[in-house]
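Novice: What follows is a predicted protein model with its sequence.
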Amino acid sequence: MAFAVNRIDHVVLNCRDVDATADWYVRVLGMRREVFGEGRVALVFGNQKINVRPSGAPNWDNRRRRRPGSLDLCFIADRSPDDIGAHLRECGVQLNRWPGPQDRGAGPADVALLCRDPDGNLIEVASYSARD
C-alpha cells in the first residue's frame, strides 16, 4: 500500500560544537534551546524542531563524511526583509545576498537573505511581507 509523507517531524543538524551552534541559532534566529534525553540538544521554533548533534557522534550512521556544513536550511520570518537584514547585521552575521527573488520554495516568499551558520551551512531567511 502506498503512502504519502505529510510533514517533517524534525531535522538533525551535525556540527563541530553543539553549544556554539545552538547559541548561534538562539541569538541570531530567535530559536529556543531545549535539552532532552540524555543531554541531547534541540532547537525549537513554532511547532518545528532541529536536533543538534556533534559530527562523528556514535549515533551518526554516515561514517564516510564526518564533517558538518552540508545543509541549506530555509526559514520564514515574521518581519520585513529590512528588519531581518538589520538584525542579522547587528548579530555580526555577514549576508551573502541582500533581498532579491527567492528560488521557488514551499510557499510564496519572494525576498530572502542568505548567510552561513558557524559550520558553514547555508541559512536562508525569507519573508512573505514583501507582498503585503
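Specialist: Thanks, I have the structure now.
Novice: C-alpha from now on. contacts and neighbour counts both.
Specialist: Fine.
Novice: So in terms of bridging, what pairs with Val41?
Specialist: Val35, Val52 (DSSP bridges).
Novice: Do a quick rundown of the helices in this protein.
Specialist: Using DSSP state H, the helices found in the chain span residues 18-29, 81-90.
Novice: among these, which is nearest Glu38?
Specialist: In terms of Cα to Cα, the element of those nearest to Glu38 is helix 18-29, at 14.2 Å.
Novice: Arg7 is nearest to which of the helices of the chain?
Specialist: helix 18-29 (21.7 Å).
Novice: okay, the closest one in CSV with CA atoms only?
Specialist: Taking Å, rounded to 0.1, in the frame of the first residue of the first chain, the C-alpha atoms of helix 18-29 are listed here in CSV:
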residue,chain,number,x,y,z
VAL,A,18,26.8,21.8,19.8
ASP,A,19,26.9,24.7,22.2
ALA,A,20,28.3,27.2,19.7
THR,A,21,25.8,26.1,17.0
ALA,A,22,22.9,26.2,19.4
ASP,A,23,23.9,29.6,20.7
TRP,A,24,24.1,31.0,17.2
TYR,A,25,20.6,29.8,16.3
VAL,A,26,19.2,31.2,19.6
ARG,A,27,20.9,34.5,19.2
VAL,A,28,20.6,35.1,15.5
LEU,A,29,17.3,33.3,14.6
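Novice: Look at Phe75 and say how many residues are nearby.
Specialist: Phe75 is flanked by 12 other residues according to other Cα atoms under 10 Å.
Novice: Mean pLDDT and mean neighbour count added to the helices of the chain, as JSON lines?
Specialist: Formatted as JSON lines, these follow (pLDDT from 0 to 100; neighbours: other Cα atoms under 10 Å):
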{"stretch": "helix 18-29", "mean pLDDT": "97", "mean neighbour count": "17"}
{"stretch": "helix 81-90", "mean pLDDT": "90", "mean neighbour count": "16"}
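Novice: Distance to Phe36 added to those, as a markdown table?
Specialist: Output for these, formatted as a markdown table (distance: least, Cα to Cα, whole Å):
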| stretch | distance to Phe36 |
| --- | --- |
| helix 18-29 | 14 |
| helix 81-90 | 28 |
